[in-house]
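Novice: What follows is a predicted protein model with its sequence.
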Amino acid sequence: MSTAVSRRLPAPSIFLSDMSQAAAMNEVWDAWVTLGHTPPRATVGATLAQREKLIEVVIVAAV
């Protein structure tokens, strides 16, 4: 992700159905964001509405 884009993502929230998968999710996240320009992020364990899903991501972008 470009630095310009990461500045427009004020606070992504990530919901995991299984917190034991947090390390794997962090690897994917780190590959996606620009090192040193990562937005603050919340990651929480949750029972997801669609139980077959492993992750939900909520991102509000600023334009």
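Specialist: Received, thanks.

Novice: Can you list the buried residues in the longest helix along the chain?
Specialist: With secondary structure taken from DSSP state H, the chain has its longest helix at helix 22-32. Across helix 22-32, burial judged by 16 or more other CB atoms under 10 Å covers 25, 29. Yep, even glycine has a C-beta here, placed from its N, CA and C like the rest.

Novice: what do you get for stretch 54-63?
Specialist: Neighbour counts over stretch 54-63 (16+ other CB under 10 Å) mark Ile55 as buried.

Novice: just stretch 39-52 next, same as before
Specialist: Those would be Thr43, for stretch 39-52 by 16+ other CB under 10 Å.

Novice: Show me the shaky parts of this protein.
Specialist: 1-8 (pLDDT under 70).

Novice: Do you have the helices of it handy? List them.
Specialist: Counting by DSSP H, the helices of the chain are 3-6, 22-32.

Novice: how about the ones you listed, which one is nearest Thr38?
Specialist: helix 3-6 (6.4 Å; CB to CB).

Novice: would you list the helices of the chain in a markdown table and tack on distance to Thr43?
Specialist: Shown next, in a markdown table, are those (distance: least, CB to CB, whole Å):
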| stretch | distance to Thr43 |
| --- | --- |
| helix 3-6 | 17 |
| helix 22-32 | 6 |
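
Novice: Right, I'll leave it there.
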